[in-house]
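>>> no sequence on this one, just coordinates:
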DNA sequence: GATCAATATTCCTTGATGGGAATGTAGTTT
DNA sequence: AAACTACATTCCCATCAAGGAATATTGATC
């Protein structure tokens, strides 16, 4: 993956926010959607954009799609460097911190039947 | 300057190549143009884009315009981090290394009367 | 002041991108 | 199998960005 393509993935705020959350670990769409508080179409399209360019991977888990950054061994040096850079920068900006805070509060809220997460919820690992 | 705006500046290959050269120090347009081997209008427009967003500064020196990165003390942490990251990444890519090589070979070629650089040439500091 | 060199700007066309409304799809539950 | 949930895709629109040809601007030189 060329360096420009990495930057093209990073040049939209919604995508930055998504990646910032995914730096914590794999997440399903509904969690991303809740944490960002943005319409479903918007989230889904940007995830599609990132996936098409190899910046995220996706796997299905029941009704849920779990998105994740490519595993560390697979990341190119450029991607590795830029993700680290993003993580540092995002840590100092209110928007990104707020997203993380909202993600932390989500907890069971997104699981289908609430308390059922452990048994039937998606297995993203926040 | 917001993080996204930095990435928006970095998401075009021509701009990446320009910034890669400017990481060496201030340069006039004709040197950038020769090193990149791209049409004048293309170089000028991208420099304008970067300047409008504060990623480069410009000053006139006779007929020449000298472009430079903002001085180090002025750079935000985000910009600092991303420029460092860019420099690292660019060092490993053929295109960027080739640009630097061409820049090194330029020498006096771009000065108006050739050998006149010291007296009447522009004062960019390659 | 006419000319020239270096650079910027305008005008135009083309393609990519972002956003939303509506609809489609796949897996799950009952 | 019908209904529901989570998510993706299509269609449409508006905006923006990139590239080039031509032209304008600014400062230097003659």
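Right, received. Where do you want to start? What you are looking at is a predicted structure, and each value in this text was computed from that prediction instead of being measured. Numbering: from 1, shown residues only, chains lettered A, B, ... in the order given.
>>> Tell me how far the closest residue in space to residue A:54 that isn't next to it in sequence lies from DNA strand C.
Of all residues not flanking residue A:54 in the chain, residue A:1 sits nearest, at 5.8 Å (C-beta to C-beta, 6 or more residues apart in numbering or on different chains). No exception for glycine: its C-beta is placed from N, CA and C like everyone else's. Counting by C-beta to the nearest atom of the strand, to the nearest Å, the gap from residue A:1 to DNA strand C is 14 Å.
>>> Residue A:1: what's it in contact with?
Residue A:1 makes contacts with A:53-54, A:76, A:78-79, as judged by C-beta atoms under 8 Å, 6 or more residues apart in numbering or on different chains.
>>> what's around the closest residue to DNA strand D within chain A, how many residues?
In chain A, the residue that lies nearest DNA strand D is residue A:30 (3.0 Å; C-beta to the nearest atom of the strand). Applying other C-beta atoms under 10 Å in any protein chain shown, we find 20 residues neighbouring residue A:30.
>>> thought it was touching residue A:63?
No. Look at residue A:30 against residue A:63 with C-beta atoms under 8 Å: they stay out of range, at 9.2 Å.
>>> Overlap in contacts, these two.
With C-beta under 8 Å, 6+ apart, residue A:30 and residue A:63 have common neighbours residue A:122.
>>> So for stretch A:39-59, what gets flagged as buried?
A:43, A:46-47, A:49-50, A:55-56 (16 or more other C-beta atoms under 10 Å in any protein chain shown).
>>> Name the member of the contacts of residue A:1 with the shortest distance to residue A:87.
Relative to residue A:87, the closest of those is residue A:79; by C-beta to C-beta it sits at 12.3 Å.
>>> Could you find the closest non-adjacent residue to that closest one?
residue A:6 (6.0 Å).
>>> one step back: which SSE is the residue of chain A closest to DNA strand D in?
helix A:29-36 (DSSP states H and E).
>>> For residue A:122, report the pLDDT, please.
Looking at residue A:122, its pLDDT is 71.
>>> What of residue A:29?
96.
>>> Hmm, it is touching residue A:45, no?
No. If you go by C-beta under 8 Å, residue A:29 and residue A:45 don't touch, sitting 11.3 Å apart.
>>> Doesn't residue A:54 lie inside a helix?
No. Applying DSSP: H, G, I helix; E, B strand; the rest coil, one finds residue A:54 to be coil, outside a helix.
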